[in-house]
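Build me a model:
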Amino acid sequence: MGYRVVDTDSVESEPDRPCECRKLSDPGGLDTVAINRFCAEPGEQIPLAYHYHETQQEAFYVLDGTLAVETPEGTYEVPADDLFVVDPESPQRAYNPVDADAPVTVLAIGAPPAADDAVAYDPDDE
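Predicted coordinates for the structure are as follows:
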């Protein structure tokens, strides 16, 4: 048996990200799922770019605030305590709108973990 408690505030934020990003998988000893906590101020986006994953399914659980997710089908508004799920090969860009009243805090879960399967997406190429 194995158990771990991870103090997420003690995990260093990743450098060179558009918002605060704390990668929690390694501190939690997880190898079959990726878990990240993001906190985005108004006007900040969560991913590095509009993208999709070839094999990874993602879920964004909104802890506080309202998350906006741009997709080719339109923009979704995801309030606190709701979950937004993205299937593989489905482009998305998650962000906190410029006119938001507060930061948005999101727990992002991806499986399988896939460090190298993100593909940049340009909606103008469609």
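
so the most centrally placed residue in the chain bridges to which residues?
Using C-alpha atoms, centre = their mean, the residue of the chain that lies closest to the mean C-alpha position is Ala108, 4.3 Å off. On the basis of DSSP bridges, Ala108 is bridged to Asn36, Phe60.

pLDDT value on it, please?
We have a pLDDT of 96 for Ala108.

Surely it touches Glu58?
Yes. Ala108 is within contact range of Glu58, at 6.4 Å (criterion: C-beta atoms under 8 Å). C-beta: built from backbone N, CA, C; applies to glycine.

and the closest residue to Arg17 other than its chain neighbours, how far is that from Gly28?
Excluding the flanking residues, the one nearest Arg17 by C-beta to C-beta, 6 or more residues apart in numbering is Leu48, at 7.1 Å. As defined by C-beta to C-beta, to the nearest Å, Leu48 lies at a distance of 22 Å from Gly28.

Can you give me the neighbour number for the closest residue to Gly43 other than its chain neighbours?
For Gly43, ignoring the flanking residues on the chain, the nearest one in space by C-beta to C-beta, 6+ apart is Val98 at 4.3 Å. When neighbours are counted by other C-beta atoms under 10 Å, Val98 registers 9.

pLDDT of stretch 15-34, averaged?
The model assigns stretch 15-34 a mean pLDDT of 94.

List the buried residues for it?
For stretch 15-34, the neighbour count (16 or more other C-beta atoms under 10 Å) marks Arg17, Pro18, Cys19, Glu20, Cys21, Arg22, Lys23, Leu24, Ser25, Pro27, Leu30, Ala34 as buried.
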